[in-house]
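**Q** Only the shape, not the letters, is given here:
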Ligand code: SF4
């Protein structure tokens with residue numbers, strides 16, 4: 001599925017999604033011919049994640065960084081040089097500063113944001129935070145992580161996206177609507193599937209439920225090379241459901257293509273989450 005839809009087709013099972021992921025990758029490898037010094041970017045507005053620190057004061061049991069920590073020592077100077085390098089080749093990149101917990105180092109977050117503004121077209125800058133320090137408000141769009149293990153005060157991050165990971169039993173519309181109606185100060189919502197590097201199948205019922213609920217207006221739906229997302233409106237609020245299938249991404253053969261860029265804590269530039 002190589003384009004965005006404004007509806008969700010009936011999803012019979014996860015095998016269907018996996019086939020669409022493979023088809024999307026094949027389409028992009030055949031059609032995306034522009035080259036950078038990294039290879040061939042498979043998306044126009046490529047996602048760049050700056051994993052600026054391994055450190056985090058919290059301890060979520062599902063944390064990918066805790067289970068598979070990034071290698072290399074934190075080197076803020078090298079991170080800046082790498083971000084400039086990437087933005088020179090991808091001025092339209094969508095950049096996310098993440099970790100660990102970026103707000104442990106608010107001055108460095110500010111510095112990275114200045115680099116982003118100087119070297120990019122300013123398409124989108126987000127900061128993933130569990131809300132340790134709200135002095136980062138205003139630097140970029142805040143994705144505020146909330147879950148059973150971190151409980152930031154949403155009101156201290158006005159306009160933020162309330163971002164949470166849902167286990168299989170909680171990825172349903174009843175729960176999603178409950179969260180959306182219980183957090184009036186959030187600007188939007190992001191519901192992510194709980195993922196593990198080895199998990200190769202997921203429940204598909206939420207996609208069909210979103211399409212079939214008369215109160216919900218589906219805005220966009222897309223299956224990419226290793227991800228699925230839907231954006232929708234409900235009751236005057238905007239939200240997104242995202243599945244990032246890391247197992248599929250590890251299996252994909254990207255040849256010289258890349259679908260996202262990672263800047264590691266030591267400044268190393270990685271492709272396709274490597
Ligand atoms: S807040 Fe984020 S980085 Fe910190 S332990 Fe939880 S999931 Fe990991």
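**A** Structure received. Note that the structure is predicted; figures quoted are calculated from it, not measured.

**Q** Nearest residue to residue 110 in space, ignoring adjacent ones along the chain?
**A** Nearest residue to residue 110, sequence neighbours excluded (Cβ to Cβ, 6 or more residues apart in numbering): residue 139, at 5.7 Å. (C-beta placed from N, C-alpha, C; glycine too.)

**Q** burial count for the one you found?
**A** Neighbour count of residue 139, defined by other Cβ atoms under 10 Å: 20.

**Q** And the pLDDT at it?
**A** pLDDT recorded at residue 139 is 97.

**Q** for it, what are its contacts?
**A** Contacts for residue 139 (Cβ atoms under 8 Å, 6 or more residues apart in numbering) come out as 109-110, 113, 125, 127.

**Q** Just those residues: which are in helices?
**A** 109-110, 113 (DSSP state H).

**Q** Top of those by number of neighbours, please.
**A** In terms of neighbours by other Cβ under 10 Å, the ones in helices among the contacts of residue 139 top out with residue 109 at 22 neighbours.

**Q** where's it relative to residue 260, distance?
**A** 20 Å (Cβ to Cβ, to the nearest Å).

**Q** residues touching residue 144, list them.
**A** Contacts of residue 144 by Cβ under 8 Å, 6+ apart are 129-131, 152, 154, 157, 160-163, 186.

**Q** which of these has the most neighbours?
**A** Tallying neighbours with other Cβ under 10 Å puts residue 129 at the head of the contacts of residue 144, with 30 neighbours.

**Q** now that residue, nearest residue through space, not along the chain?
**A** Residue 129's closest residue in space is residue 103 (Cβ to Cβ, 6+ apart), at 4.9 Å.

**Q** What of residue 134?
**A** Nearest non-adjacent residue to residue 134, counting by Cβ to Cβ, 6+ apart: residue 156, 4.5 Å away.

**Q** next one: phi and psi at residue 153?
**A** phi -80, psi 110 (degrees, to the nearest 10).

**Q** right, and it touches residue 131 too?
**A** Yes: assessed by Cβ atoms under 8 Å, residue 153 is found in contact with residue 131 at 6.9 Å.

**Q** Pull up the overlap in contacts between these two.
**A** In contact with both residue 153 and residue 131: no residue, using Cβ under 8 Å, 6+ apart.

**Q** Contacts only, for the closest residue to the ligand within the stretch 101-250 of the chain.
**A** Closest contact between the stretch 101-250 of the chain and the ligand, by Cβ to the nearest ligand atom, is at residue 130 (3.7 Å). Residue 130 makes contact with 56, 58, 101, 144-145, 150, 152, according to Cβ under 8 Å, 6+ apart.

**Q** so how far is the strand or helix carrying residue 87 from its chain's centroid?
**A** Assigned by DSSP states H and E, residue 87 falls within helix 76-89. Centre-to-centre, helix 76-89 and its host chain are 20 Å apart (Cα atoms, centre = their mean, to the nearest Å).

**Q** which parts of that helix are buried?
**A** Within helix 76-89, the residues scored as buried using 16 or more other Cβ atoms under 10 Å are 78-80, 82-83, 85-87.
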